[in-house]
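[1] I'd like to go over a predicted model; first the sequence, then the structure.
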Amino acid sequence: MLNIYLQLFITFFKIGAFTFGGGWAMIALIQREVVDKHGWVGKEEFVDMLAVAQSMPGILAVNFSVAIGDRLRGFKGSLVSALGTILPSFIIILAIAMFLTPDTIKNNETLNSIFKGIRPAVVALIVAPVLTTAKSAKINAKTVAIPVAVALLIYSGLPVVSNPVLYIVLGGIGGYVYHTWQLAREKNKEGRQ
Amino acid sequence: MNIYLKLILTYLKLGLFGFGGGYAMLSLIQQEVVQRHGWISLTEFTDIVAISQMTPGPIGINSATYIGYTVTGGSVLGAIAATVAVVVPPYILMLYASHFVHKHSESPIIKGVFMGLRPVVVGLIASAALLLMNSDNFGSEIDECVKSVLICIVTFIFAYFTKVHPILLIIVAGVAGYFIF
C-alpha cells in the first residue's frame, strides 16, 4: 500500500497531466480517480465539493485538489495535491518557454492533427459528467428545469444572465429558503397529528 | 517597482478575482498583462492561449508560468513567482470554505444551500459542454466537422457506458486524430 501523500500526489499529477481544455474537462478524470477508484469521497459529496470549488475564485482543478487533500490529510495533504495538479503544466510550459518558440508548437503539423482528435473527445468528457452528476444530485422530473435553464442562460451570452456566479448565489439562497420551508411544513404536520 | 514584485501583485490579483474558471479568466489576464502592463503583445498572448490548448493543465497556470518566465528575461524564479502567486489566494479561501462547510455539514442552512447548489452545478457543467461545441473544437469544414462529431460520440459512449479510463480515451482520440486529420 502506497503512502497516502504519495497516492494523492500521483493521482493529482495524473489529473494535471491529462487535463486538456480547461477545468471542466477534468471532472470525469477526477470522478474516476477520487470517487470510483480510491473512494476518497462519496458521489453526492463530490458534487458538493464541486459546488464549493466553483464558488471560490481561482482555478477549478487546483481548488478541487486542495479540498480533497485537505479532507484526507489536512494542510499537508492539500499542499501535496495542489503541487501534483500544478507541476505537469508548470514543467511543460517552462520547457516550451526555455527551448522552443510558440510558433514551432503552433505550426507543428503532427501536434495539430493529434489535437484535432483530442478536442472533440474532451467535449465528450464534459458531457458524460453532466449525466453522472445529475444522477448523484438526484435530479428528477421536477428539478430538471433548473440545470437546463442555467445551462441555456449561461450559453446565451446575454449580459448579466450569462454570469455563472449569479446562479451559484441564487441556487444557494433558493435552496436555503426551500429547505427552511420544508422543515417548517414537516413541523406543522407533526403538530397537527 | 521591481518587476518580480509587480508580477507577484498582478498574479495575486488575478487569482483573487478569477471567478468562473479558465476561459472566464482569460479576458482578465489579457487586460492585465497585455493592456495594462504591456508585458507581452496581443499576438504573443494569443500564442500562449493556443499553446495552452495543446498542453495539459489549467490555462491560468500555463499563462502564469509562461509570462513569469518571459517578463523576467528568462528566469525560472519569475515563472515560480507568478505561478505560486496565482494559486495562493484561492488556496487560502478554499481551505477556509472547505473547513467551514465540513464543520457545519449537519446544519440546516448548509444542507439547504447545497440542496439548491447541486442542480446548479449540473447546469454549469452542461453550459461548459455547450460553450465548447464550436468551430475551435469541431472544425469549420464539413469533412472535419463530421470526423470530429464522430470522435465526440464514440468517446461519449465509452466514457458514459463503460469503465474505460478517461486518460486512455484522450490518448486514443489523439492517435485517431493523427491518422484521420
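    Received it, and whenever you're ready, just let me know what you need.
[2] list the contacts for residue B:40?
    By C-beta atoms under 8 Å, 6 or more residues apart in numbering or on different chains, residue B:40 lies in contact with B:33, B:34, B:48, B:67, B:70, B:71. (Each C-beta comes from the backbone N, C-alpha and C, glycine too.)
[3] export the strand or helix carrying the fifth one to PDB, keeping only CA atoms.
    Spelled out, it's residue B:70. In this structure, residue B:70 sits in helix B:59-71 according to DSSP states H and E. Once non-C-alpha atoms are left out, helix B:59-71 reads as follows in PDB (Å, rounded to 0.1, in the frame of the first residue of the first chain):
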ATOM      1  CA  ILE B  59      -4.800  27.800 -18.600                       C
ATOM      2  CA  GLY B  60      -4.400  30.100 -15.500                       C
ATOM      3  CA  ILE B  61      -1.300  28.100 -14.500                       C
ATOM      4  CA  ASN B  62       0.100  27.900 -18.100                       C
ATOM      5  CA  SER B  63      -0.100  31.600 -18.700                       C
ATOM      6  CA  ALA B  64       1.400  32.500 -15.300                       C
ATOM      7  CA  THR B  65       4.400  30.200 -15.800                       C
ATOM      8  CA  TYR B  66       5.000  31.400 -19.400                       C
ATOM      9  CA  ILE B  67       4.600  35.100 -18.700                       C
ATOM     10  CA  GLY B  68       6.500  34.900 -15.400                       C
ATOM     11  CA  TYR B  69       9.400  33.400 -17.300                       C
ATOM     12  CA  THR B  70       9.400  35.800 -20.300                       C
ATOM     13  CA  VAL B  71       8.900  39.100 -18.500                       C
END
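[4] that one near chain A at all?
    Yes: contact between helix B:59-71 and chain A, assessed by C-beta under 8 Å from any C-beta of the partner chain, occurs at B:59, B:60, B:61, B:62, B:65, B:66, B:69, B:70.
[5] burial count for the fourth one?
    The number of residues packed near residue B:62 is 24, by other C-beta atoms under 10 Å in any protein chain shown.
[6] quick check: next helix or strand after the lowest-mean-pLDDT helix or strand in chain B?
    The weakest-scoring helix or strand in chain B, judged by mean pLDDT, DSSP states H and E, is helix B:22-30 (a mean of 74). As assigned by DSSP H and E, the chain's next helix or strand after helix B:22-30 is helix B:42-54.
[7] distance between that following helix and the chain's centre?
    The chain centre lies 13 Å from the centre of helix B:42-54; the measure is C-alpha atoms, centre = their mean, to the nearest Å.
[8] which residues touch that helix?
    By C-beta under 8 Å, 6+ apart, the residues outside helix B:42-54 that reach it are A:20-21, A:93, A:96, A:102-103, A:105-106, A:111, A:115, A:119, B:26, B:29-30, B:33-34, B:40, B:59, B:62-63, B:66-67.
[9] let me know the closest of the contacts of residue B:40 to residue A:50.
    Of all the contacts of residue B:40, residue A:50 sits closest to residue B:48, with 27.4 Å by C-beta to C-beta.
[10] next secondary structure after the helix or strand harbouring residue B:96?
    Assigned by DSSP H and E, residue B:96 falls within helix B:76-103. Following helix B:76-103 in sequence order, the next helix or strand is helix B:108-132 (DSSP H and E).
[11] average pLDDT for that next one?
    Mean pLDDT, helix B:108-132: 91.
[12] orientation of it relative to helix B:76-103 in degrees?
    140 degrees (axes from the mean of the first three to the mean of the last three C-alpha atoms, to 10 degrees).
[13] most neighbours among the residues of helix B:59-71 next to chain A, please name it.
    residue B:60 (32 neighbours).
[14] what's the closest non-adjacent residue to it?
    In space, and not counting its chain neighbours, residue B:60 is closest to residue A:59: 4.5 Å by C-beta to C-beta, 6 or more residues apart in numbering or on different chains.
[15] ditto for residue B:155
    In this structure, residue B:155 finds its nearest non-sequential neighbour in residue A:124, 3.7 Å apart by C-beta to C-beta, 6+ apart.
[16] try residue A:131
    Setting aside the residues directly before and after it, residue A:131 is nearest to residue B:160 in space (C-beta to C-beta, 6+ apart), at 6.3 Å.
[17] ok, stretch A:146-160 near chain B or not?
    Yes: counting by C-beta under 8 Å from any C-beta, chain B is contacted by stretch A:146-160 at A:146, A:147, A:148, A:149, A:150, A:151, A:152, A:154, A:155.
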